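Trainee: The sequence and its predicted three-dimensional model are supplied below.
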Amino acid sequence: MLRAAHAGKLTPLASWELLTEILDVLRRNVENSKRIVREIALRFPLPGKCRCGDALKYAIITDRKRIPAAARRRLDLLIGKYL
């Protein structure tokens, strides 16, 4: 691989070879990125199989009687079904 210190002495052929090397690295990075995204995506549950709809069910530890009415109204859309 050509070193950056030699950049001032590059011939057209050497420049082309350097560009080819850079493009090869970029292509490998793209392929690695695709592989990583694919592997991560496969770890997510299929639609309809996730339990995220009930994620807040046990998250509220405050005694329901102590939650002010104003807070209940303000948060109703998010946590109303759990209050």
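Mentor: Ah, there it is.

Trainee: Tell me the first helix or strand C-terminal of the top helix by length along the chain.
Mentor: Criterion DSSP state H: the longest helix present in the chain is helix 12-43. Scanning forward in sequence from helix 12-43 by DSSP states H and E, the next helix or strand is helix 69-79.

Trainee: Using the record's assignment, carve this structure into domains.
Mentor: Domain assignment for the chain by automatic domain parsing gives 1-44, 48-83.

Trainee: quick one on the thing from earlier: pull out the buried residues from the longest helix of the chain.
Mentor: Using 16 or more other Cβ atoms under 10 Å as the test for burial, helix 12-43 gives Leu18. Using the backbone N, CA and C atoms, a C-beta is placed for each residue, glycine as well.

Trainee: burial measure for Ile60, as a count.
Mentor: Ile60 is flanked by 13 other residues according to other Cβ atoms under 10 Å.

Trainee: Backbone dihedrals for it, both of them.
Mentor: Ile60 adopts backbone torsions of phi -90, psi 110, taken as degrees, to the nearest 10.

Trainee: pLDDT value on the residue nearest to it when sequence neighbours are not counted, please?
Mentor: In space, and not counting its chain neighbours, Ile60 is closest to Tyr82: 5.8 Å by Cβ to Cβ, 6 or more residues apart in numbering. pLDDT for Tyr82: 88.

Trainee: now do Lys57
Mentor: According to the model, Lys57 carries a pLDDT of 84.

Trainee: Tell me who's in contact with it.
Mentor: Contact analysis of Lys57 by Cβ atoms under 8 Å, 6 or more residues apart in numbering lists Tyr82.

Trainee: what about the nearest residue to Arg64 once chain neighbours are set aside, neighbour count?
Mentor: What sits nearest to Arg64 in space, not counting adjacent residues and going by Cβ to Cβ, 6+ apart, is Leu83, at 5.8 Å. As a burial measure, Leu83 scores 12 neighbours (other Cβ under 10 Å).

Trainee: What distance do you get for Leu83 to Asn32?
Mentor: The spacing between Leu83 and Asn32, counted by Cβ to Cβ, to the nearest Å, is 47 Å.
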